[in-house]
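1. Let me see the structure of the following:
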Amino acid sequence: MSKMTKVLLEAGVKLEGYFYLHTNGDLIYKPAIVVEFDPEHFNSNFVVETWGFAQEYRECAWTILVEALALGANIKRIKELQQKWGCTNEDAVKYAEKMHLQIVQDGTGWIASFDDFVNIQESQCGSGDDCLEAFADLAKQGLIKT
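-> Next up, the predicted model:
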């Protein structure tokens, strides 16, 4: 279970459902009632990671997308959810602020880094064609701790 999910549950947030990343790269949704009925539902060698989802918390959508992409989720599914949830490059700025990150456009691509970014040579950063891919590249390196 992701760190974000644990924080939400500890805060008493009612989750609508859960997403889990299967070892085959599929990102699959299960309604919360399924998991509440069977707490061991995700206890399987086929489950890479699980994330709780509460639509009212915008960072849920971003964190699921970023971490799942970093862990190897199917890019087509990630892009589908990105569009469905409206996780645009403009929206990424708000996510970056909340997570104490920076996101800047660099030519036709994007660079994600921490607030203390100096330059690409001296600072830890991730890059991608869009903000999501840049955040995921940073997370893939184990640098974003959500």
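
2. Mind telling me what element the residue nearest the centre of the chain is part of?
-> Nearest to the mean C-alpha position of the chain, by CA atoms, centre = their mean, lies Thr63 at 2.5 Å. Element membership of Thr63 [criterion: DSSP states H and E] is helix 58-70.

3. right, and the helix or strand after that helix?
-> Past helix 58-70, the next helix or strand by DSSP H and E is helix 75-84.

4. And that next one, how far out from the chain middle?
-> 12 Å (CA atoms, centre = their mean, to the nearest Å).

5. quick check: angle from the following helix or strand past it to helix 58-70?
-> Sequence-wise, the next helix or strand downstream of helix 75-84 (DSSP H and E) is helix 89-98. Between helix 89-98 and helix 58-70, the angle comes out at 100 degrees (axes from the mean of the first three to the mean of the last three CA atoms, to 10 degrees).

6. other SSEs contacting the very next helix or strand once past helix 89-98?
-> Downstream of helix 89-98, the next assigned helix or strand under DSSP H and E is strand 101-106. Applying 3 or more CB pairs under 8 Å, 6 or more residues apart in numbering; DSSP states H and E, we find strand 101-106 packed against helix 89-98, strand 109-114, helix 131-140. C-beta: built from backbone N, CA, C; applies to glycine.

7. and if we set it to 10 Å?
-> Where contact means 3 or more CB pairs under 10 Å, 6 or more residues apart in numbering; DSSP states H and E, strand 101-106 is packed against helix 89-98, strand 109-114, strand 125-128, helix 131-140.

8. For Lys3, find the nearest of these.
-> Across the helices and strands packed on strand 101-106, Lys3 has its closest neighbour in helix 131-140 (11.9 Å, CB to CB).
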